[in-house]
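J.: quick one: sequence and predicted model below, then my questions.
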Amino acid sequence: MSLRKIDWRKYAPLALMLIFPVLGSLYGWINTRPAADVYTLVTDFDRATPFIKYFALPYSVWIFYIYACLIYYYRKDLNLYYKGLAVYTICALTCYLIYSVFQTTVPRPIIAGHDPFDLLMKFIYERDRPFNCFPSIHCFSSYMVMRLLWGSSIRNRWNVILITGMSSTIILSTLFVKQHVILDAIAAVLLVEFTLAVLAIVDGLLRDARVRQRHKRSLGA
């Protein structure tokens, strides 16, 4: 197929995904800021949770997985794609606001080995400072893509199994690689649910306003 024959306009909505590098830059700035006070939310549950280096793999592919889900939603349901971008942006900015006033940390184990998973864990620890954990961005975004699917018209047996399974694995990986604690994950889920509830209220108000406007126009006619 000739590139000239491709209708590039239909791919224009994908340009909105450029919000990800913008948000990533903001996070990079926040994550390098020195913290006057850093808190810990470690519970007995977290102390009992083992460190499993093999979960470094699902932890590392997280952002590519989120991209893949959103592109899939774009192909199947454009409104679901827009909703995903909106929820992600709102939740990410909310996290950044929380991080700026309430920094938390998670104790990390010492990685002494040299196999591929050890090296991957070292890379993760070197790349991401042990701050700004509550709520977890990995967890909220992974929960978001499966939560959106559950309430959508495009859900079927296979996409629910695949997306729910992968999202759950990534959420668990944040605990097993000791990047987050259970309260970080719980807060992430609540953040998504709160954001979805607010968006539903706003959507309902806008819908009612449109109905009233049409009603006024009909009376005027």
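T.: Now that the structure is in, tell me what you want to look at.
J.: show me what contacts the residue nearest the centre of the chain?
T.: By C-alpha atoms, centre = their mean, the chain has its centre lying nearest to Ser141, at 1.6 Å. Residues in contact with Ser141 (C-beta atoms under 8 Å, 6 or more residues apart in numbering) are 62, 66, 88, 91. All C-beta atoms are positioned from the backbone trio N, CA, C, and that covers glycine.
J.: let's see which of those end up in helices.
T.: 62, 66, 88, 91 (DSSP state H).
J.: for the first one, give me the pLDDT.
T.: pLDDT, the model's per-residue confidence, is 97 for Trp62.
J.: pull stretch 90-108 out as CSV, backbone CA atoms only.
T.: The C-alpha coordinates for stretch 90-108 follow below in CSV (Å, rounded to 0.1, in the frame of the first residue of the first chain):
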residue,chain,number,x,y,z
ILE,A,90,-5.6,13.0,36.0
CYS,A,91,-4.3,10.2,38.2
ALA,A,92,-0.6,10.9,37.2
LEU,A,93,-0.9,14.6,38.0
THR,A,94,-2.7,13.8,41.3
CYS,A,95,0.2,11.5,42.2
TYR,A,96,2.7,14.2,41.4
LEU,A,97,0.9,16.6,43.7
ILE,A,98,0.9,14.0,46.5
TYR,A,99,4.6,13.3,45.9
SER,A,100,5.4,17.0,46.2
VAL,A,101,4.1,17.2,49.8
PHE,A,102,4.2,13.6,51.0
GLN,A,103,7.2,11.5,49.9
THR,A,104,7.4,7.9,50.9
THR,A,105,10.1,5.3,50.6
VAL,A,106,10.4,1.5,50.6
PRO,A,107,13.5,-0.3,52.0
ARG,A,108,15.3,-2.2,49.2
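J.: in that stretch, what counts as buried?
T.: Neighbour-count burial for stretch 90-108 flags 90-92, 95-96, 98-99, 103-106 (criterion: 16 or more other C-beta atoms under 10 Å).
J.: now stretch 44-52
T.: Quick answer for stretch 44-52 (16+ other C-beta under 10 Å): 46, 49.
J.: and stretch 64-73, by the same measure?
T.: 65-66, 69-70, 72-73.
J.: mind giving me the packing neighbours of the helix ranked longest in the chain?
T.: The residue-count maximum for a helix in the chain (DSSP H) belongs to helix 182-220. Of the remaining helices and strands, those touching helix 182-220 by 3 or more C-beta pairs under 8 Å, 6 or more residues apart in numbering; DSSP states H and E are helix 78-101, helix 137-150, helix 157-176.
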